[in-house]
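Engineer: everything below, folded, please.
(chains A and B)
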Amino acid sequence: MNSTWSRFNITSIVLGFAFLYLPIVLLVIFSFNESKLVTVWAGFSTKWYVSLFSNRGLIDAAWVTIRVGLISATVATVLGTFAALTLTRYTRFRGRVLFSGMVFAPLVMPEVITGLSLLLLFVAVGLDRGFVTVTLAHITFSMCFVAVVVQSRLLTFDRSLEEAAMDLGAPPVKTFFQITLPVILPAIISGWMLAFTLSLDDLVIASFTSGPGATTLPMKIYSQVRLGVTPEINAACTILIGIVAVGVIAASVVNKRREVQRLRDEQAALRN
Amino acid sequence: MSDTAIAASQTGNGNASPSARALNAVKSRIVIIVPYLWLLVFFLIPFVIVFKISLSQSAISMPPYTPALDFSGGLSGILQQLSQLSFDSYLWLTQDALYFNAYVSSLTIAGVSTVLTLLVGYPIAYGMARAPATLRPTLLMLVILPFWTSFLIRVYAWIGILKPEGLLNQFLQGIGLINEPLIIMNTNTAIYIGIVYSYLPFMILPLYSALEKMDYSLIEAAQDLGCTPLSAFWKVTFPLSIPGVIAGCLLVFIPAVGEFVIPDLLGGSQTLMIGRTLWNEFFNNRDWPVASAVAIILLLLLVVPIMIFQHTQARAQEQDR
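Structural biologist: Modelled structure (predicted):
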């Protein structure tokens, strides 16, 4: 294969990744800019990070966002895993077409529609807009992403393992917790992380469904960005990017270790 | 539950009492019932409400509309309600050219951006699929990584690059390529750049998974039989990657039609996109019935692409089985 990886392929990959990463790299670099002008370099400084930590509004918004993210990601992971099990294990039941439609449609649904429809639901049932409504909204769209991630793992899952456990007398619930869950756990974890970042990111749906006292970080950043680009926003963005990058890389390292460990175990088992 | 029933359900054999079996049935159905009900309540019913409010009249109150289709009054009540339905919001959409133009321009911008994303994404996905197998997981992670960083941040990053005194113009003027700054910010070009940039991973991933599965000895065979590399690409590679092309294009096109953040931050005040129109109608004009009608028409426009998307997803799932 190596010989076919031509110069053209290498060039397109290098250019492609430059396009994907250059804007983010520039944003990070200019968060350390001394000058208030974001685009004129005037020397290295960390003063925007210092001023960031005295910005009460931004810090409050960060706490709201983290709380919404933790709760919604956890509930969405449970619901999304259920939905994935339903989609892969129960191939016929009444309303299956509707169900799979409701799982896949939110993946591509324009956010303004989802946001507006959820808001109108909350108004119709008389639920005050705030922390609870944002969390409910985030659970709803992120559970579908979790479902897709877990479902793709379940599809490649060797069901003979489960059948073996049941033949040996394990009841279905025990089989699930001892056989199925450990196998699909990496997918569930990455589903949770995806749900958490989706919640952390969301501006449009949160703007519709949030109320006073529950301003999330993206809403706060958005309202400041509309007033103009400031190095302080660059600093806030850099911190967010740092957290996400560390999280994703750590998760992939852990995943890789588990994989290596699993291969080793399998080889050891074969040798015995 | 009786002791025998508990024992029966624990051993899990077929002799369980009817009540225990019913309980077991419910237990196994919880996996279906809970997400099903959740999506019904928080996904499907809200659309019904949007539809209902689009048929009501706007009013200066909180919530700012008069109720329509309140079915609590029995059959005569329903008939009376039906006669009061207001199509004013929909009429309003046809009378003001703003909305029609916004729909057309959203579809055009999303269509052009989808083609551009395909043109940018295809060589990258192809290069990744042909990369040494040991390198592929890393490349794949590098494509996914920007997707994990906030959408808003990635759009924001382009403001500093594209504005008249921004980094791109500084660079181009620095190397002497241009004398006057290019005006990109607040134009449709900026929106295209923003959409291509933000949605690129959604295009690359399905393309890559289609191209990676491909058997490359087919191309060697085509070339042995006298195809030039280019004609081998058009006759073999591209047709085999069409499922990936369709999935990628839909994943970009559908959300891009209703995009709000990109036209709002990068586009000019004269750029019409329907997501932004809906937002303004709701937040600035506080006209909920018109905002709902805008959403319903947008949904109708997207129903066909969304159904194609679901169909391809379901088919991919069948093939994996």
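
Engineer: which residue is the nearest non-sequential neighbour of the residue nearest the centre of chain A?
Structural biologist: By CA atoms, centre = their mean, chain A has its centre lying nearest to A:Leu194, at 2.1 Å. Leaving aside its chain neighbours, A:Leu194 sits nearest to A:Phe145 (5.4 Å; criterion: CB to CB, 6 or more residues apart in numbering or on different chains). To be clear about C-beta, it is placed using only N, CA and C from the backbone, and glycine gets the same treatment.

Engineer: counting by contacts, list what the strand or helix carrying that neighbour packs against.
Structural biologist: A:Phe145 is part of helix A:131-155 when elements are defined by DSSP states H and E. Helix A:131-155 sits against helix A:56-89, helix A:96-108, helix A:111-124, helix A:181-201, helix A:204-209, helix B:18-39, helix B:288-320, with contacts defined as 3 or more CB pairs under 8 Å, 6 or more residues apart in numbering or on different chains; DSSP states H and E.

Engineer: could these go into JSON lines alongside distance to A:Thr216 and mean pLDDT?
Structural biologist: Formatted as JSON lines, the entries for the helices and strands packed on helix A:131-155 read as follows, by distance: least, CB to CB, whole Å; pLDDT from 0 to 100:
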{"stretch": "helix A:56-89", "distance to A:Thr216": "5", "mean pLDDT": "92"}
{"stretch": "helix A:96-108", "distance to A:Thr216": "19", "mean pLDDT": "86"}
{"stretch": "helix A:111-124", "distance to A:Thr216": "13", "mean pLDDT": "92"}
{"stretch": "helix A:181-201", "distance to A:Thr216": "9", "mean pLDDT": "88"}
{"stretch": "helix A:204-209", "distance to A:Thr216": "5", "mean pLDDT": "93"}
{"stretch": "helix B:18-39", "distance to A:Thr216": "22", "mean pLDDT": "77"}
{"stretch": "helix B:288-320", "distance to A:Thr216": "21", "mean pLDDT": "83"}
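
Engineer: from chain A, which residue is nearest to chain B?
Structural biologist: Proximity to chain B, evaluated over chain A using CB to the nearest CB, is greatest for A:Pro110 at 2.2 Å.

Engineer: tell me where the stretch 51-200 of chain B has helices.
Structural biologist: B:74-84, B:88-95, B:97-129, B:136-148, B:151-162, B:167-174, B:188-212 (DSSP state H, counting those that start in this stretch).

Engineer: and the last one, what does it pack onto?
Structural biologist: Spelled out, that is helix B:188-212. On a contact count with 3+ CB pairs under 8 Å, 6+ apart, helix B:188-212 meets helix A:7-30, helix B:97-129, helix B:136-148, helix B:151-162, helix B:242-257, helix B:261-266.

Engineer: so what touches the first one?
Structural biologist: The list of residues contacting helix A:7-30 from outside it, by CB atoms under 8 Å, 6 or more residues apart in numbering or on different chains, reads A:38-39, A:41, A:231, A:234, A:237-238, A:241, B:120-121, B:123-124, B:126-128, B:130-131, B:139, B:142-143, B:146, B:149, B:153-154, B:156-158, B:160-161, B:167, B:197, B:200-201, B:204.

Engineer: now list the buried members of those residues.
Structural biologist: When burial is judged by neighbour count using 16 or more other CB atoms under 10 Å in any protein chain shown, the buried members of the contacts of helix A:7-30 are A:38-39, A:231, A:234, A:237-238, A:241, B:120-121, B:123-124, B:126-128, B:130-131, B:139, B:142-143, B:146, B:149, B:153-154, B:156-158, B:160-161, B:167, B:197, B:200-201, B:204.

Engineer: that older thread, right, and the residue nearest to the centre of chain A touches A:Ala147 too?
Structural biologist: No - in this structure A:Leu194 lies outside contact range of A:Ala147 using CB atoms under 8 Å: 10.9 Å.

Engineer: now the lengthiest helix in chain A: average pLDDT?
Structural biologist: The single longest helix within chain A, with elements called by DSSP state H, is helix A:231-271. On average, the pLDDT along helix A:231-271 is 80.

Engineer: what angle do that helix and helix A:56-89 make?
Structural biologist: Regarding helix A:231-271 and helix A:56-89, their directions subtend 30 degrees when assessed with axes from the mean of the first three to the mean of the last three CA atoms, to 10 degrees.

Engineer: determine if any part of helix A:231-271 is in contact with chain B.
Structural biologist: Yes - using CB under 8 Å from any CB of the partner chain, helix A:231-271 reaches chain B at A:Ile233, A:Cys237, A:Leu240, A:Ile241, A:Val244, A:Ala245, A:Val248, A:Ser252.

Engineer: what residues are up against the nearest residue to A:Glu111 once chain neighbours are set aside?
Structural biologist: Spatially, and ignoring its direct neighbours in sequence, A:Glu111 is nearest to A:Val204 (3.9 Å; CB to CB, 6+ apart). Remark: with contacts taken as CB under 8 Å, 6+ apart, A:Val204 is in contact with A:Glu111, A:Val112, A:Gly115, B:Phe260, B:Val261, B:Trp279.

Engineer: again, only using 10 Å
Structural biologist: By CB atoms under 10 Å, 6 or more residues apart in numbering or on different chains, A:Val204 lies in contact with A:110-116, A:218-219, A:222, B:151-152, B:258-261, B:264, B:275, B:279.

Engineer: what does B:Ile191 give?
Structural biologist: So, once contact is read as CB under 10 Å, 6+ apart, B:Ile191 ends up touching B:109-110, B:112-113, B:256, B:259, B:262-268, B:271, B:273.

Engineer: now A:Phe44: phi and psi?
Structural biologist: Listed backbone geometry of A:Phe44 is phi -80, psi 140, with angles given as degrees, to the nearest 10.

Engineer: any idea how far A:Ala236 is from it?
Structural biologist: The span separating A:Phe44 from A:Ala236 equals 18 Å under the rule CB to CB, to the nearest Å.

Engineer: of these two, who's got more company?
Structural biologist: Between A:Phe44 and A:Ala236, counted using other CB atoms under 10 Å in any protein chain shown, A:Ala236 has the larger neighbour count: 24 against 9.

Engineer: so what's that one up against?
Structural biologist: Taking CB under 10 Å, 6+ apart as the criterion, A:Ala236 is in contact with A:31, A:48-49, A:52, A:55, A:58, A:61-62, A:217, A:220-221, A:224, A:230, B:153.

Engineer: let's go with 7 Å and repeat that
Structural biologist: With contact set as CB atoms under 7 Å, 6 or more residues apart in numbering or on different chains, A:Ala236 has these partners: A:Leu52, A:Leu58, A:Ile221.

Engineer: turn those into CSV, including distance to chain B.
Structural biologist: As requested, these are arranged in CSV below (distance: CB to the nearest CB, whole Å):
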residue, distance to chain B
A:Leu52, 14
A:Leu58, 14
A:Ile221, 6
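
Engineer: quick one, which of these are buried?
Structural biologist: A:Leu52, A:Leu58, A:Ile221.

Engineer: between these, which sits nearest B:Ile32?
Structural biologist: Relative to B:Ile32, the closest of those is A:Ile221; by CB to CB it sits at 39.2 Å.

Engineer: thought that closest one was touching B:Leu152?
Structural biologist: Yes - in terms of CB atoms under 7 Å, A:Ile221 counts as a neighbour of B:Leu152; the distance is 6.1 Å.

Engineer: nearest spatial neighbour of the residue of chain B found nearest chain A, chain-adjacent residues omitted?
Structural biologist: Nearest residue of chain B to chain A, counting by CB to the nearest CB: B:Gly258, 2.2 Å away. Here the nearest residue to B:Gly258 in space, its sequence neighbours aside, is A:Pro110; by CB to CB, 6+ apart that works out to 2.2 Å.
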